[in-house]
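Engineer: Structure for the following, please:
(2 chains)
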2 protein chains.
Amino acid sequence: MSDIPSFPKSIGLLLYPGFEALDAVGPIEALNCLCNFPGYEDLKLSIISRSLEPIALGDRDFLRAQKYLPTHTFDTAPQLDMLLIPGGMGSIDFLPGTESNNVDDYIEYVRKAYGGYDSYKPLQYAFSICNGAILLAKAGVLDGRKATTNKSGFALIAQSGPKAHWVARARWVVDGNVWTTSGVSAGADGMLAFMEARVPKDVLKSVVGVMEWRRVSSKEDDPFAEWHGVEDVLPKQK
Amino acid sequence: MSDIPSFPKSIGLLLYPGFEALDAVGPIEALNCLCNFPGYEDLKLSIISRSLEPIALGDRDFLRAQKYLPTHTFDTAPQLDMLLIPGGMGSIDFLPGTESNNVDDYIEYVRKAYGGYDSYKPLQYAFSICNGAILLAKAGVLDGRKATTNKSGFALIAQSGPKAHWVARARWVVDGNVWTTSGVSAGADGMLAFMEARVPKDVLKSVVGVMEWRRVSSKEDDPFAEWHGVEDVLPKQK
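Structural biologist: Okay, the predicted model is just below:
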């Protein structure tokens, strides 16, 4: 196992009001399964938000009933190795009519966590799901990088990162230590792809087998680009 | 739309300590997307547990960080049209070494809710995910029915329902008003199949398109039966 890179131990999940449930829980489920295997039992999860108040998925009755509990605030969050950033309507504050969804403080946290601050070392990995890429883009993390996001709001979301090359036909994109995945369900495929080089084959196979996940193993295998009729958006600025 | 059966309005999600996150959030995500469409904005969700205490996914650090908030107890739960029952290690109390996971009170609630009690009418639909089928089986709901459950623990879980015919090769099984789905991810496919006859085609297509879910549309399309080498378990009792 000496040729397998070490797996990140301290994992953060950034949650803001109006995040999309499966964006978060898809990749987390893969980690939930992984942590039952020897060598991964000491994985740590920090659920990070601006306060410890429960976080609702949205304003509709059905969404408001679903509240998630943070474990840490920006100030109390520990050193992280990897930060997961789900999408959701709550981060689309730059679209007309959604000005009330201000997540500037979350973006500032992403910027600091990615680059390192005070006694905190930089992240080993940033990982966004769906339009969670907006937070990475606005934090400057996607400048000069290739990235992807969901296909139903692709062109609009791409406006959040004019210095990025937004790849349309991609279940996920890896550029350096930055992973961006497509819409909602793609997050779990991205996480399983992340595990591919970092956990033993038999462990990964067991994780997929327990999840009974119909895995997309190729990052170019993305029928939703065509489904939603989207094309690459090239950088508009350097 | 007059030939489309009405969609259940009052949906319950039963959560017990040690449930599996994606079992619950997979089908719920499909409903989260659905409730954004006209005609479905008034869907109601009740998250039901034995108390209002936050519910952890398990004992490991990584799992203990994830706590879900119930909205109702067994006593305060409203009339439900449909009850979703996720699986998870927390319901496997009949296996050696797991005797501490007592969910008898949840099973009693399932039995009452399914059949109706006091002023409560019977459920229109019961829907289990993964080994959530254990609770249905122990509540007697699967007696004389076909059902399925996850494939990684299939034969063992089948012991919980000796009067059921457990179908091995099934992403999901429908028997009357009882839906049982296979492991973890199968819950979302089951819910999308449930929607198939109950929401307009264009709405269902949009839900799948937003979720970017690589949908399994046929209930017999289940490679995990072979993967885990399981076969049907026939009823041992009448």
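Engineer: to the chain's geometric centre, what's the distance from stretch A:12-29?
Structural biologist: Centroid displacement of stretch A:12-29 relative to its chain, using C-alpha atoms, centre = their mean, to the nearest Å, is 8 Å.
Engineer: Stretch A:31-38 too?
Structural biologist: Distance of stretch A:31-38 from the chain centroid (C-alpha atoms, centre = their mean) equals 19 Å.
Engineer: ok, A:His165 to chain B distance?
Structural biologist: According to C-beta to the nearest C-beta, to the nearest Å, A:His165 and chain B sit 20 Å apart. Any C-beta I mention is one placed from the backbone N, CA and C, and that applies to glycine too.
Engineer: Next: A:Lys146.
Structural biologist: Using C-beta to the nearest C-beta, A:Lys146 is found at 19 Å from chain B.
Engineer: Provide a list of residues in contact with that residue.
Structural biologist: Counting by C-beta atoms under 8 Å, 6 or more residues apart in numbering or on different chains, A:Lys146 touches A:164-167, A:173, A:175.
Engineer: For stretch A:214-231, list every residue counted as buried.
Structural biologist: For stretch A:214-231, burial by neighbour count (16 or more other C-beta atoms under 10 Å in any protein chain shown) applies to A:214-216, A:219, A:222, A:224-225, A:228, A:230.
Engineer: circling back to that earlier point, biggest separation within the contacts of A:Lys146, which pair?
Structural biologist: A:Trp166 and A:Asp175 (11.5 Å; C-beta to C-beta).
Engineer: Return every residue with contacts to both of these two.
Structural biologist: With C-beta under 8 Å, 6+ apart, A:Trp166 and A:Asp175 have common neighbours A:146-147.
Engineer: More neighbours: those two, which one.
Structural biologist: Between A:Trp166 and A:Asp175, A:Trp166 has the larger neighbour count (other C-beta atoms under 10 Å in any protein chain shown), namely 29 against 17.
Engineer: what's the more buried one in contact with, if anything?
Structural biologist: A:146-149, A:154, A:157-158, A:232-234.
Engineer: Mind putting these into TSV with secondary structure?
Structural biologist: Shown next, in TSV, are the contacts of A:Trp166 (DSSP: H, G, I helix; E, B strand; the rest coil):
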residue	secondary structure
A:Lys146	strand
A:Ala147	strand
A:Thr148	coil
A:Thr149	coil
A:Phe154	helix
A:Ile157	helix
A:Ala158	helix
A:Asp232	coil
A:Val233	strand
A:Leu234	coil
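Engineer: For PyMOL, write the select line for the buried members of those residues.
Structural biologist: Of those, the buried ones go into a single PyMOL selection, burial set by 16+ other C-beta under 10 Å:
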select buried, chain A and resi 146+147+148+149+154+157+158+233
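Engineer: quick one: the strands in chain A?
Structural biologist: Taking DSSP state E as the test, the strands found in chain A are A:10-14, A:44-49, A:55-56, A:67-68, A:72-73, A:82-85, A:125-128, A:146-147, A:165-166, A:172-175, A:178-181.
Engineer: Dump those strands to TSV, plus mean pLDDT.
Structural biologist: As requested, the strands of chain A are exported to TSV (pLDDT from 0 to 100):
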stretch	mean pLDDT
strand A:10-14	98
strand A:44-49	98
strand A:55-56	96
strand A:67-68	97
strand A:72-73	98
strand A:82-85	98
strand A:125-128	98
strand A:146-147	98
strand A:165-166	98
strand A:172-175	98
strand A:178-181	98
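Engineer: Tell me which of those strands sits most buried.
Structural biologist: strand A:178-181 (a mean of 29; mean count of other C-beta atoms under 10 Å in any protein chain shown).
Engineer: I'd like to check what contacts it. Which residues are they?
Structural biologist: Taking C-beta under 8 Å, 6+ apart as the rule, strand A:178-181 contacts A:125-130, A:133, A:136, A:141-142, A:145, A:147-149, A:171-173, A:187, A:189-190, A:194.
Engineer: what lines up beside that strand in the sheet?
Structural biologist: Strand pairing for strand A:178-181, using DSSP bridges, gives strand A:125-128 (parallel), strand A:172-175 (antiparallel).
Engineer: nearest spatial neighbour of A:Ala164, skipping sequence neighbours?
Structural biologist: Setting aside the residues directly before and after it, A:Ala164 is nearest to A:Leu142 in space (C-beta to C-beta, 6 or more residues apart in numbering or on different chains), at 4.0 Å.
Engineer: Report the separation between the one you found and A:His228.
Structural biologist: A:Leu142 is 20 Å from A:His228, where distance means C-beta to C-beta, to the nearest Å.
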